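> Test case, fold it:
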Amino acid sequence: SEVTLEALQPVMLVTCAWYAVSVVFLQLAGSGNNMVKDATPCHKQWGDRTFGNLMEQSPAFLVLMWSHAVVVCPHSATALGTAWLAIRCFYPVVYAATKVIPFVVTMPNYGILAWMFAITAAKLILGADLRDHVGGHDALGCLLGGACFLVVFSGVVLPLQRVLQRTVFRPVAEPSKKEK
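Numbers count the residues shown, from 1 in each chain. Predicted structure coming up:
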């Protein structure tokens, strides 16, 4: 069925909210690096990673949310986009409280992105709605998406990185003093 401009308005509002969050996160990074007198390296890194991680995920988020809205369902895209953005807002809070990269924020975000990718691709390629296979529950799909993300990372990406480290990117030995 054809998607109307009216049906896309909530997705547009999520996009506007994303922009507002991105501006605040940019200001956290900029002010921590340039305006807060005597900001510690930890404080600077907090602002940089808060904004940087948002920017790392944002192209995929925006493309997948809009693709999902047009191909699958604007209502579902709005709900998934709102969940992604709400979870993302906890990044600086969790990072400040723990002083480590907040995987409790990034992993659910990756699950949402993976689900939006899978459901949109399945609809385009197979004409199938994956929601039918998870009882119509996007939350379950997001959990499966997060699990798939972890499987690809641990089963493909990490082993590949280890091979590359041993072969392509192996450390070059420093010439000894005798060779100089």
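> tell me the average confidence for the host helix or strand of H75?
Counting by DSSP states H and E, the element that carries H75 is helix 74-88. Regarding helix 74-88, the rounded mean pLDDT is 97.
> just use 25 as the starting number from now, easier for me
Sure, I'll start numbering at 25, so the last one becomes helix 98-112.
> need the helices for this structure, in chain order.
Applying DSSP state H to the chain gives helices spanning 29-58, 65-95, 98-112, 115-122, 127-150, 162-176, 182-190.
> what's near enough to touch the residue most central in space within the chain?
Against the mean C-alpha coordinate of the chain, by CA atoms, centre = their mean, the closest residue is Q81 at 3.5 Å. Taking CB atoms under 8 Å, 6 or more residues apart in numbering, we find Q81 in contact with 112, 130, 133-134, 137. Backbone N, C-alpha and C define where each C-beta goes, glycine included.
> Would you mind measuring from V48 to L32?
Separation of V48 from L32 (CB to CB, to the nearest Å): 25 Å.
> Tell me how many other residues surround A93.
26 (other CB atoms under 10 Å).
> Find the residue closest to it in space, skipping its chain neighbours.
A101 (3.6 Å; CB to CB, 6 or more residues apart in numbering).
> Cross-check the contact I'm expecting between the one you found and H92.
Yes. A101 is within contact range of H92, at 4.2 Å (criterion: CB atoms under 8 Å).
> what do the two both touch?
Common neighbours of A101 and H92 (CB under 8 Å, 6+ apart) are M140.
> which of those two has more neighbours?
A101 (28 against 24).
> contacting residues for the more buried one?
A101 neighbours (CB under 8 Å, 6+ apart): 35, 38, 89-90, 92-93, 140.
> Likewise for W70?
By CB under 8 Å, 6+ apart, the contact set of W70 is 52, 56, 116, 119-120.
> Output the residues you listed in CSV, with pLDDT and neighbour count appended to each entry.
Compiled in CSV, the contacts of W70 are given as follows (pLDDT from 0 to 100; neighbours: other CB atoms under 10 Å):
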residue, pLDDT, neighbour count
L52, 90, 19
G56, 69, 20
P116, 95, 21
Y119, 93, 20
A120, 92, 13
